[in-house]
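In: I'll drop the sequence and a predicted model, then ask my questions.
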Amino acid sequence: MRRKLSLYGFVLLLVCATIIIRWEVLYQTLHLLSSFLFLLFSDFRFASSQFSFALLDYFVSLILLFAIPGYIFSNKKKLLKEGRVAFSSYMLAVLLSLFLFAPVISNNNPDFQKDISVTRLLPPFSSVKILFLKNEVEAKSGNKSFLQLKKEVVKESFNPAVMYIDKVEVAKDVIIYYQGGIKSEIAKSEVVLREGIPQTGTRLFLLGTDELGRDIFTRVVYGTRISLLVGMCAVVLSLLLGGLLGFAAGYAGGTLDLLLSRLNEMFLSFPSIFFIILILAFFGNSFFAVVGVLGFTGWMSLFRIVKGEVVSLKNRDYFITARQLGLSHSELLFKEALPVIAAPIIVNTVFQFGNVVLSESALSFLGLGIGNDFPSWGGMMNAGQMYLSQAWWMICVPGAAIIITLITVNDFGRKITGYFNPRLSK
């Protein structure tokens with residue numbers, strides 16, 4: 001009988017594969033982390049000036065990549081045992097891996113673009129030759145090595161030390177290179193040479209490039225972060241609004257229940273797309289505006305579920321007894337009501353997460369998403385619709401990512417529904 005790989009075994013496999021494939025990046029990141037910690041004690045002002053979210057992102061990914069296998073091995077008897085795991089759980093582990101380890105998995109800046117005449121609209125599995133240029137870091141002797149290492153690890157949106165070319169030739173005093181069929185020259189003093197020969201390399205674009213020469217694979221990986229982060233934040237906001245208002249309406253009843261129920265019906269009757277456009281027109285299409293509007297337009301279904309559960313719950317003997325014992329409203333909510341109504345809330349939240357991911361992609365496709373500061377699957381499809389006949393991968397790749405994510409989330413929601421209500425899974 002064939003044994004199925006456990007979920008934690010699959011996670012361990014993903015992490016180990018990432019470590020093996022990206023060991024050089026991890027080694028450089030580890031060196032960068034040790035240098036940064038040393039600078040914190042020797043030159044705190046300089047270290048604090050160099051700290052950034054991108055640097056923290058690499059450090060957190062490095063720590064988690066080694067902490068997760070350590071945790072799994074320390075609890076291997078419990079975690080690695082055989083068990084039935086749905087396919088959606090494996091896909092969810094892949095999505096979370098992309099979310100947590102994006103800088104290590106891609107190791108490129110999603111907005112990096114250069115030499116568009118060479119890199120524009122390249123199909124999947126295309127490779128481009130790189131000519132390395134001299135780009136010395138100007139800094140104090142003690143900080144120069146740190147800055148140089150940081151530039152190698154933390155990729156920026158522009159790198160003056162690389163040039164994408166078609167081919168290169170060596171002349172007497174200059175280097176001749178070709179870009180898009182155009183011949184150009186550069187002085188040998190500006191090029192990295194080894195025994196008089198220009199140092200070159202190649203870069204593989206696994207999923208091709210877009211109209212600006214940006215790597216589709218890197219943008220899809222970082223787009224996973226945006227979709228999951230927007231989904232989680234919006235769902236939490238909907239959970240707080242729907243849960244608290246639903247509990248208040250069901251527990252208090254009377255006038256408060258009437259007002260909140262009419263407010264809920266008003267939001268349900270008003271097309272959400274108009275409300276979303278109205279809010280984004282006032283506050284702009286920033287990350288927080290999109291999270292706020294998606295969270296604020298998704299609390300209605302949860303409100304009705306929580307209200308119905310609380311109405312039936314407050315007439316039960318143990319709840320009446322707890323209220324007569326003097327428990328506060330918050331204690332009644334978290335200690336008495338929440339454990340009972342947790343199952344329908346969790347199921348609704350999972351399905352709501354899929355709806356938010358789809359809504360964020362739709363908004364980005366319409367130009368109402370989080371803007372151009374972050375890569376988004378919907379924004380990538382919006383840009384690709386003008387090049388559908390030339391570059392099908394610009395739409396198909398992010399579209400496939402959206403479809404896979406929605407199928408995974410919906411299947412995961414059905415599994416959770418079957419777990420809490422086994423009769424529905426038969």
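Out: Alright, I've got the coordinates.
In: which residues touch the spatially most central residue of the chain?
Out: Closest to where the C-alpha atoms of the chain average out (CA atoms, centre = their mean) is Arg225, at 0.6 Å. Taking CB atoms under 8 Å, 6 or more residues apart in numbering, we find Arg225 in contact with 98-99, 102. (Glycine included, C-beta is placed from N, CA and C.)
In: buried subset of the residues you listed as a PyMOL selection?
Out: What follows is the PyMOL syntax selecting those of the contacts of Arg225 that are buried according to 16 or more other CB atoms under 10 Å:
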select buried, resi 98+99+102
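In: out of the contacts of Arg225, who's nearest Phe283?
Out: Proximity of the contacts of Arg225 to Phe283 (CB to CB) peaks at Phe99, which lies at 26.0 Å.
In: list the contacts of that closest one.
Out: With CB under 8 Å, 6+ apart, Phe99 has these contacts: 224-225, 228-229.
In: try it again with 7 Å
Out: Counting by CB atoms under 7 Å, 6 or more residues apart in numbering, Phe99 makes contact with 224-225, 228.
In: how close does it sit to Ser227?
Out: 9 Å (CB to CB, to the nearest Å).
In: re earlier: out of the contacts of Phe99, the closest to Leu206 would be?
Out: Taking CB to CB as the measure, Leu206 sits nearest to Thr224 out of the contacts of Phe99, at 14.9 Å.
In: find the nearest non-adjacent residue to the closest one, please.
Out: Leu98 (4.3 Å; CB to CB, 6 or more residues apart in numbering).
In: now render the contacts of Arg225 as TSV, adding pLDDT.
Out: Listed next are the contacts of Arg225 as TSV, based on pLDDT from 0 to 100:
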residue	pLDDT
Leu98	92
Phe99	92
Ala102	91
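In: just the contacts of Arg225: which are in helices?
Out: 98-99, 102 (DSSP state H).
In: possible to save these as CSV with distance to Ser359?
Out: Output for these, formatted as CSV (distance: CB to CB, whole Å):
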residue, distance to Ser359
Leu98, 20
Phe99, 19
Ala102, 22
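In: for Ile197, what are phi and psi?
Out: phi -110, psi 130 (degrees, to the nearest 10).
In: for beta bridges, what are the partners of it?
Out: Taking DSSP bridges as the rule, Ile197 bridges to Arg194.
In: ditto for the one 4 residues further on
Out: Going by DSSP bridges, Gly201 is paired in beta bridges with Ile130.
In: return the distance of it relative to Tyr177.
Out: 14 Å.
In: and what of Lys150?
Out: From Lys150 across to Tyr177, the span is 28 Å (CB to CB).
In: coming back round to it: and the one helix or strand the residue nearest to the centre of the chain maps to, what's buried?
Out: For Arg225, the host element (DSSP states H and E) is helix 216-252. Neighbour-count burial for helix 216-252, with 16+ other CB under 10 Å as criterion, is recorded at 216-231, 233-235, 237-239, 241-243, 245-251.
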